[in-house]
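Asker: need coordinates for the following:
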Amino acid sequence: MKSPYSYYVEPFEVKDRPRRFLEALAAILKHSNYGFVLDTYARSSTKCARCGAACPIYQSTGDLHDVPCWRSELVLKVYRRYFTLSGMLRARIGDGFRLTDDYLDEMAENLYHCTACRRCKFSCPMGIDHGLVTHLGRWALSEIGIVPKALRVATREQLEGRTHNTSAIPVPALLDTCQFLEEELMEKYHLPIKFPIDQEGAEMVFFPAVSDYLLEPDTLMGNAAVMYATAGSWTIGTQDYDGIDYGLFYSDRMWDRIVRNEVAEIRRLKAQIALIGECGHASRSAKVGIPTFCGGKSAPPVVNIMEYSHRMLMQGKLRLRPNTIQERVTYHDPCNIARSGWIVNQPRELLRAFCADFVDTEPKGALNFCCGGGSGTVSIDEIRKWRTGPAGRRKAEQLKATGAKYIVAPCANCKKQLREVVEDNGLEGMEVVGLHDLLIKAIDFSTAPTYREDVKQSGKPEEKK
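Answerer: Below you'll find the predicted structure:
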């Protein structure tokens, strides 16, 4: 039997899949706190479809299969039938529903049509988190081998591979990249900005999306420039330098293992804080996962680089030259850091401090549209046409309405997806960048204590930056 999603799900032969799926779901419910939540949702009505009005995918397709509560019902129906007394009793008197291979195929296909942006939660009168139900269904499916190849391969390399990161970047290549970026910073800005490596006792260990070392040099240089200008205490560890955590998209078991490695690196380097780069899911996976899986209140605090930069701006330690960027700039809110209201105003205040023409998207903040590649779907290249079409259409319309030159997207996955959205939807003249790509151009280094000390030691007169 060929599943409709088989072209992007890794072949994994499992006999008696329905039974194995039920065993996996039973184990998850037994050993986690999802049981109470799922039981509450199963007793609620999940058929009013108000969530459809908030879902950008359903707004684009009009397909009832894309209504979030219809998708959640696929999981809740299984729970009611096999995990509640009433469901088991009805089955004895002739209830026709039975979990089959075809039903599992339908479930997998539809659960990976969701970007888990959680925008629908704001419209549900019962407060049902359809993104959570999607995640739970994916987790149970993953335990019987139904996982998109891109997610499985990346996670396997991170946890068991030779390099222990999702982009398979070995330590020598990391060191070469950092050295190259230091040379670029000296050439462009005439500043001896360094990427500290394995420095014990630094306050923060830096975990960007490891793909930034390959694809986003300007973002990384901007991050390093902020740390230089503010005399920040930070380092990059060579035993774990990848903030990506695809377990967040499909398996709490993988999510747990990955964030534990981050905490182990913080402990090894005798640091205190996890500093996460410009990546929405890396930030949320650490912000939620580290206290959940690694010690609660005793776990290391998690700070996103934009939070740090904003705090330095508010404290007067980061000086930015107004109106440095003259072109029109807009900001994309990554779902993983904005939907909860965690990081919304901070990046906007940073941008307004040095952009002459900043315009917001509508809607924005917690209600902003997903880029269209959320919950790991951006890594599945086989479905690009769907991602930039039905899933990304509302985002394309929203961006076009701003008339912006620069789209600031502080997230590795959002950057990839939005660049493809711009290309596939004919948004000519728009450029997707990170926040720190632009911010580095506005920093007044002459006020930085590190810069003054470097000038003093070199014996050279101060230059106007």
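
Asker: what about the closest residue to residue 392 other than its chain neighbours, how many residues close to it?
Answerer: Using Cβ to Cβ, 6 or more residues apart in numbering and skipping residues adjacent in sequence, the residue nearest residue 392 is residue 372, 3.0 Å away. Every residue, glycine included, has its C-beta placed from N, CA and C. A count of nearby residues for residue 372, using other Cβ atoms under 10 Å, gives 28.

Asker: quick one: secondary structure of residue 372?
Answerer: coil (DSSP: H, G, I helix; E, B strand; the rest coil).

Asker: what distance do you get for residue 249 to residue 150?
Answerer: For residue 249, the distance to residue 150 (Cβ to Cβ, to the nearest Å) stands at 10 Å.

Asker: just to revisit the earlier point, what's the pLDDT at the residue nearest to residue 392?
Answerer: Each residue has a pLDDT score; the one for residue 372 is 96.

Asker: rewinding a little: shared neighbours, residue 249 and residue 150?
Answerer: Residues touching both residue 249 and residue 150 by Cβ atoms under 8 Å, 6 or more residues apart in numbering: residue 376.

Asker: which of those two has more neighbours?
Answerer: The residue with more neighbours, out of residue 249 and residue 150, is residue 249; 28 against 20, by other Cβ under 10 Å.

Asker: what residues are up against the more buried one?
Answerer: The contact partners of residue 249, taken as Cβ under 8 Å, 6+ apart, are 116, 135, 138, 151, 281, 375, 376.

Asker: same deal with residue 28?
Answerer: Counting by Cβ under 8 Å, 6+ apart, residue 28 touches 34, 136, 139, 140, 143, 252.

Asker: cool, and residue 429?
Answerer: Applying Cβ under 8 Å, 6+ apart, we find residue 429 in contact with residue 405.

Asker: give me the secondary structure label for it.
Answerer: coil.

Asker: geometrically speaking, which residue is the centre of this structure?
Answerer: The centroid of the chain falls nearest to residue 281 when counting by Cα atoms, centre = their mean (1.9 Å).

Asker: where does that one land in three-state SS?
Answerer: helix.

Asker: check contacts around it.
Answerer: Counting by Cβ under 8 Å, 6+ apart, residue 281 touches 244, 245, 248, 249, 334, 336, 411, 413.

Asker: pipe these into JSON lines and attach secondary structure, pLDDT and distance to residue 237 per row.
Answerer: As requested, these are exported to JSON lines (DSSP: H, G, I helix; E, B strand; the rest coil; pLDDT from 0 to 100; distance: Cβ to Cβ, whole Å):
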{"residue": "244", "secondary structure": "coil", "pLDDT": "97", "distance to residue 237": "15"}
{"residue": "245", "secondary structure": "coil", "pLDDT": "96", "distance to residue 237": "16"}
{"residue": "248", "secondary structure": "helix", "pLDDT": "96", "distance to residue 237": "21"}
{"residue": "249", "secondary structure": "helix", "pLDDT": "96", "distance to residue 237": "24"}
{"residue": "334", "secondary structure": "coil", "pLDDT": "98", "distance to residue 237": "24"}
{"residue": "336", "secondary structure": "helix", "pLDDT": "97", "distance to residue 237": "23"}
{"residue": "411", "secondary structure": "coil", "pLDDT": "97", "distance to residue 237": "22"}
{"residue": "413", "secondary structure": "helix", "pLDDT": "97", "distance to residue 237": "23"}
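
Asker: residue 74: which of those residues is nearest?
Answerer: Closest approach between the contacts of residue 281 and residue 74, by Cβ to Cβ: residue 249, at 17.8 Å.

Asker: which helix in this protein runs the most residues?
Answerer: helix 171-189 (DSSP state H).

Asker: any residues touching it, and which ones?
Answerer: Residues from elsewhere that reach helix 171-189, judged by Cβ under 8 Å, 6+ apart: 163, 169, 191-195, 197, 213-214, 217, 220-221, 224-225, 236, 238, 241, 440, 445, 465.

Asker: using CSV, list the CA coordinates for the next helix or strand after that helix.
Answerer: Sequence-wise, the next helix or strand downstream of helix 171-189 (DSSP states H and E) is strand 204-207. Provided in CSV are the C-alpha atoms of strand 204-207 (Å, rounded to 0.1, in the frame of the first residue of the first chain):
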residue,chain,number,x,y,z
MET,A,204,26.6,32.7,28.5
VAL,A,205,27.0,29.8,26.0
PHE,A,206,25.8,30.7,22.5
PHE,A,207,23.5,28.3,20.6
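
Asker: still on that earlier bit, just the buried subset of the contacts of helix 171-189, please.
Answerer: By neighbour count, with 16 or more other Cβ atoms under 10 Å, the contacts of helix 171-189 hold 163, 169, 191, 193, 195, 213, 217, 220-221, 224-225, 236, 241, 440, 445 as buried.

Asker: measure the residue nearest to the centre of the chain to residue 374 for me?
Answerer: According to Cβ to Cβ, residue 281 stands 8 Å off from residue 374.

Asker: now for the two: what residues contact both?
Answerer: Common contacts of residue 281 and residue 374 (Cβ under 8 Å, 6+ apart): 336, 413.

Asker: if we can go back for a sec, can you tell me how far the residue nearest to residue 392 is from residue 215?
Answerer: Separation of residue 372 from residue 215 (Cβ to Cβ) stands at 19 Å.

Asker: repeat for residue 454
Answerer: 30 Å.

Asker: again, but for residue 338
Answerer: To residue 215, residue 338 is 22 Å away according to Cβ to Cβ.

Asker: the two: which is more packed in?
Answerer: Of the pair residue 338 and residue 215, residue 338 is the one with more neighbours under other Cβ under 10 Å, namely 22 against 13.

Asker: that one and residue 371 touch, don't they?
Answerer: No - in this structure, residue 338 is not within contact of residue 371 by Cβ atoms under 8 Å, at 11.4 Å.

Asker: who touches both of the two?
Answerer: Common contact partners of residue 338 and residue 371 (Cβ under 8 Å, 6+ apart): none.

Asker: returning to that earlier point: okay but the residue nearest to residue 392 is in contact with residue 391, surely?
Answerer: Yes - here residue 372 reaches residue 391: they are 3.8 Å apart, a contact under Cβ under 8 Å.

Asker: overlap in contacts of these two?
Answerer: 56, 115.

Asker: restricted to helices, list the contacts of residue 249.
Answerer: Per DSSP H, the subset of the contacts of residue 249 in helices is 135, 138, 151, 281.

Asker: show residues contacting the one helix or strand residue 329 maps to.
Answerer: Using DSSP H and E, the element containing residue 329 is strand 325-331. Residues outside strand 325-331 that contact it (Cβ under 8 Å, 6+ apart): 347-348, 351, 354-361, 364, 399, 402-408, 435, 438, 441-442.

Asker: can you rerun that using 10 Å?
Answerer: By Cβ atoms under 10 Å, 6 or more residues apart in numbering, the list of residues contacting strand 325-331 from outside reads 338, 344, 347-348, 350-352, 354-361, 364-365, 368, 398-399, 401-410, 429-431, 433, 435, 438-439, 441-442.

Asker: right, I'll call it a day here.
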